[in-house]
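Chemist: Predicted model and sequence follow; I will ask about them next.
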Amino acid sequence: MRDKISVIRETDDDARNLARTLLRGARFGTLAVIDPETGYPSASRVLLATAPDGTPAILVSSLSAHTKALDADPRASLLTGEPGKGDPLAHPRLTLQARAERVERGSERHGWLRQRFLNRHPKAALYIDFDDFRFVLLHPQRASLNGGFGKAFVLEGSELIMNGPEIERFARSEQAILDEIGRDLPDLANVIARNKFHQNGNGWKISAIDAGGIDLSMKEILIRAELPLQDVRETRIIEDIRTRLSSIP
């Protein structure tokens, strides 16, 4: 009897980088939960941001069906990856299995998420502080990456998340870094978007920065650039990052 050929490839650094980009660079995704009344899966579209360690986060209303489902059962699945021209199945996508955790208002994590979410979704300012809205973290447990036909991989949740003392260091400095770059290097985001990603236009901004890289955004477009920044020095974090980003080809 012939050995059965697995369609799953060995996970390598390219696959990990693509998976992280698909997760951290998604403005929205499809969230699947378990309906507590019927026991059937239920899917809905949600806006996405990420915590400083790369954990995906959603802003939900206590009135929505998916919030009630997550309160009853924290297991969830998240699909990210936008199709482009041609066959939708030829474009990469990531399916994440996750456990949901509610973030308490007034906590340091809530403050980080609120600012990151507004930087990515400024129109959310209309409702982000309503009493019935809250943040939920989707802690990755396992993920399936389909990079296109014949490019299937399985990843552990730990491969998608950053660890280390630099995570909180970046989180506490993030807005100061963004403000200084925006003030002193106002064209930097446009240069990176044009030179590294071949994007036109002069309305780009760096909307997030963390130990794993940066988010570039313009209107409804978001680009995640995985640029490891963990080794910047504690005492010169802003100067080091400005220098590092300015040298991007």
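Modeler: Cool, the structure landed.
Chemist: Please verify my assumption that L113 contacts A49.
Modeler: Yes: assessed by Cβ atoms under 8 Å, L113 is found in contact with A49 at 6.6 Å. No exception for glycine: its C-beta is placed from N, CA and C like everyone else's.
Chemist: Quickly list what's touching both of the two.
Modeler: Common contacts of L113 and A49, defined by Cβ atoms under 8 Å, 6 or more residues apart in numbering, comprise A57.
Chemist: Next secondary structure after the helix or strand A208 falls within?
Modeler: Assessed by DSSP states H and E, A208 sits inside strand 205-210. Sequence-wise, the next helix or strand downstream of strand 205-210 (DSSP H and E) is strand 213-218.
Chemist: Pairing partners for that next one, with directions?
Modeler: Applying DSSP bridges, strand 213-218 is found paired with strand 205-210 (antiparallel), strand 221-226 (antiparallel).
Chemist: what does the strand holding A208 rub up against?
Modeler: For strand 205-210, contacts defined as Cβ under 8 Å, 6+ apart pick out 50, 52-54, 116, 119-120, 162, 167, 170-171, 174, 177-178, 181-182, 188-189, 192, 214-218, 222, 229, 241, 245.
Chemist: quick one, which of the strands paired with strand 213-218 is packed in tightest?
Modeler: Neighbour counts (mean count of other Cβ atoms under 10 Å) averaged over each of the strands paired with strand 213-218 peak at strand 205-210, with a mean of 22.
Chemist: Can you flag which of the contacts of strand 205-210 belong to strands?
Modeler: Of the contacts of strand 205-210, the ones assigned to strands by DSSP state E are 50, 214-218, 222.
Chemist: which among these gets closest to P41?
Modeler: Using Cβ to Cβ, T50 comes nearest to P41 of those, at 24.1 Å.
Chemist: Put together a markdown table for the ones in strands among the contacts of strand 205-210, with pLDDT on each row.
Modeler: Compiled in a markdown table, the ones in strands among the contacts of strand 205-210 are given as follows (pLDDT from 0 to 100):
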| residue | pLDDT |
| --- | --- |
| T50 | 96 |
| I214 | 92 |
| D215 | 94 |
| L216 | 94 |
| S217 | 95 |
| M218 | 93 |
| L222 | 94 |
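Chemist: quick revisit: out of the strands paired with strand 213-218, flag the one nearest I128.
Modeler: Smallest distance to I128 across those (Cβ to Cβ): 15.4 Å, for strand 205-210.
Chemist: quick one, longest strand in this structure?
Modeler: Max-length strand for the chain by DSSP E is strand 133-146.
Chemist: list the helices and strands whichever helix or strand comes after that one packs on?
Modeler: Following strand 133-146 in sequence order, the next helix or strand is strand 152-156 (DSSP H and E). Applying 3 or more Cβ pairs under 8 Å, 6 or more residues apart in numbering; DSSP states H and E, we find strand 152-156 packed against helix 13-24, strand 133-146.
Chemist: Now do strand 152-156 and strand 133-146, the angle between them.
Modeler: Put simply, strand 152-156 runs at 130 degrees to strand 133-146, going by axes from the mean of the first three to the mean of the last three Cα atoms, to 10 degrees.
Chemist: CA atoms only for strand 152-156, dumped as PDB, please.
Modeler: The C-alpha trace of strand 152-156 is given here as PDB (Å, rounded to 0.1, in the frame of the first residue of the first chain):
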ATOM      1  CA  ALA A 152      -1.200  24.600   2.700                       C
ATOM      2  CA  PHE A 153       0.400  24.900   6.100                       C
ATOM      3  CA  VAL A 154      -0.600  24.400   9.700                       C
ATOM      4  CA  LEU A 155       0.700  26.700  12.400                       C
ATOM      5  CA  GLU A 156       0.500  26.700  16.200                       C
END
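Chemist: Touching that strand from outside, list them.
Modeler: Strand 152-156 is contacted by residues 7-11, 15-16, 19, 142-147 when judged by Cβ under 8 Å, 6+ apart.
Chemist: for it, the distance to its chain's centre please.
Modeler: 17 Å (Cα atoms, centre = their mean, to the nearest Å).
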